[in-house]
Structure formats: C-alpha cells, structure tokens
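Chemist: Below is the sequence, then the predicted model.
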Amino acid sequence: MFFTNNNNNNKLLLSGLLMLPVAASAAELNQANTAWILTSTALVLFMTIPGLSLFYAGLVRSKNVLSVLMQCFAITCVVSILWLAGVYSFIFANGGDLQKFIGGASKVFLPGIGTGSMTGNIPESVYFMFQMTFAIISPALIVGAFAERMKFSAMLWFSSLWLIIVYMPVCHWIWGGGWLADLGVMDFAGGIVIHINAGVAALVSALVLGKRKGFPTMAMPPHNMTMVVTGAGMLWVGWFGFNAGSALTADGHAGMAMLATHIGAAAGALT
C-alpha cells in the first residue's frame, strides 16, 4: 500500500481503508432479512395498537370505548418494560441446569448488547423487538373475555402476572429451547405460545368472572361496527408481519406463509 501525490487519490484510498471493517461486519448481517423483520415488527405492533384496540372498542358499549382503548395501550407499555426488565432474558437466555424449564438472567436489561450483537443473521435488537410485539398482543387478546367487567388496575395486574407466570415459561419451553422443544414440538407463528395460551386464559377469565350483569335481558349491542371492521382489516394486514415475519428470513418461506395467511383468511371470511 502506498500514497500517491494526488490528493483526490489519497482521499479515495483512505475512504476505502476506513470501510474495510464495516464490510467485514456487514458480511455477518443479512440486510434483506433485517429489513423484513424490522417491517414485520411494525406490522405486529400495528395489530395491537390500533388494530385490536379498534376491534374491541367497536364491540363494547359507547361508555366503555375509551376504557378498552386504554387497556390495549397500557398493556403495550407495561409489557414492553417487563420484556426489557427480564421476561426476554428468562425466555431466550441460557438457563443452565434449569434450561428445560426456564431461561437465565444474563440478558436482563440487555447488558452488553449493542448495534453489533446478532441473533442468527439479524441484529439482536431487532429480534428483541419482534418477539416483544408477540408478547404485547398475547395479554391484549385476553381483554375481549373481560371487556367492560374488570377495573383498569386489576387488568394491569392480571396482564403483568399472566405474562410472567404463564407466557414466559410456556414461550421458553417451545421457542427458548425448553422441554417441549426437546420433545419436537414446533410452533411456527404462535399457535400454541400465543393463541392457545391466550385462549385458555380468556376462557378461565370468563368463567371466574361469571355471567355478565344484565345479560341476556338487557340489550348490549356493539356501539360502532365501523370500528370493528376497521380494526379487523388492520389485524388482517398486520398478520402478514406476524406469520410471514416468523420465518425470520426474506425468502420463499416468508412468501409461502404470507400466501397461506391471506388465502386462509379470505376463504374463512367468505365462507
């Protein structure tokens, strides 16, 4: 390597040398996959706020619209903080001798995780965010079971405790390398971790709360079906990030998941 007398050539050579470490780092990063998971993360969050929020808000009576909207909004906030404070770590960090049942504490508050930290061929920060949006929508799905029938503070406590006591271990058992993963259980996009998990919680919640006061003698029609349809449309669009994003790659697997998601939704809705 040598420098010529031409200042422009020197500048070009210096620029090339400075870019060498960046190029070496970029070789470990798949930019297409990263871009797709970034997009998918936004789509999944879009499912909760505003998609699920509007869907539920249109189904309740007008006096409870703001309450339901704020429940989904508050769940988004509290789950995000809990995810950072340890839920992510106890799902995806190595649990050592207890790995079959729970993860470890090495990633509580993400120590040492920076822009160069990777999960596979995408930044760990992106993977952290993508999985967090899954955790956000899970307790929000349960809201429909007790809409109009639970105090706001009780809802926050229930959602927080459910995330830690139920979602965290079940998610680790399957996606974090726990005992169900060892048995060969596969869950591509949350059919077990999220939907069955939240569905059982919703059923139990409804049974514990009992019959709704005034039902069925008192009419309780949805106050705004336009909001319901708008929210349902947002959920449909957001589901592309939910399902196709779960491939964690921008390839044929993501494309096939998107295709199956759309055709399945279309066929079900038409039927």
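Modeler: That came through, no problem. Keep in mind that this is a model prediction, so the values were computed, not measured.
Chemist: Mind listing what's buried along stretch 129-149?
Modeler: Neighbour-count burial for stretch 129-149 flags 129-147 (criterion: 16 or more other Cβ atoms under 10 Å). Where you see a C-beta, it was placed from the backbone N, CA and C, and this is true even at glycine.
Chemist: Mind checking which of those are in helices?
Modeler: 129-146 (DSSP state H).
Chemist: what sits against Pro169?
Modeler: Applying Cβ atoms under 8 Å, 6 or more residues apart in numbering, we find Pro169 in contact with Phe101, Ile102, Gly178.
Chemist: Kindly recompute the last result at 7 Å.
Modeler: Phe101, Ile102 (Cβ atoms under 7 Å, 6 or more residues apart in numbering).
Chemist: Flag every buried residue along the helix or strand encompassing it.
Modeler: Using DSSP states H and E, Pro169 sits in helix 168-175. Residues of helix 168-175 classed as buried by neighbour count (16+ other Cβ under 10 Å): Met168, Pro169, Val170, Cys171, His172, Trp173, Ile174, Trp175.
Chemist: what's the answer for stretch 181-190, then?
Modeler: Ala181, Asp187, Ala189, Gly190.
Chemist: Stretch 214-232 too?
Modeler: By neighbour count with 16+ other Cβ under 10 Å, stretch 214-232 contains the buried residues His223, Met227, Val228, Thr230, Gly231, Ala232.
Chemist: Next, check those residues against the helices and list the overlap.
Modeler: In this view, the buried residues of stretch 214-232 that belong to helices under DSSP H are Met227, Val228, Thr230, Gly231, Ala232.
Chemist: okay if I get those as TSV plus pLDDT?
Modeler: Compiled in TSV, those are given as follows (pLDDT from 0 to 100):
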residue	pLDDT
Met227	96
Val228	96
Thr230	97
Gly231	97
Ala232	96
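Chemist: of the buried residues of stretch 181-190, closest to Tyr88?
Modeler: The nearest member of the buried residues of stretch 181-190 to Tyr88, counting by Cβ to Cβ, is Gly190 at 15.8 Å.
Chemist: thinking the closest one is in contact with Phe134, fair?
Modeler: Yes. With contacts counted by Cβ atoms under 7 Å, Gly190 reaches Phe134, the gap being 6.0 Å.
Chemist: so what's Ser117 closest to, chain neighbours aside?
Modeler: Excluding the flanking residues, the one nearest Ser117 by Cβ to Cβ, 6 or more residues apart in numbering is Glu124, at 4.2 Å.
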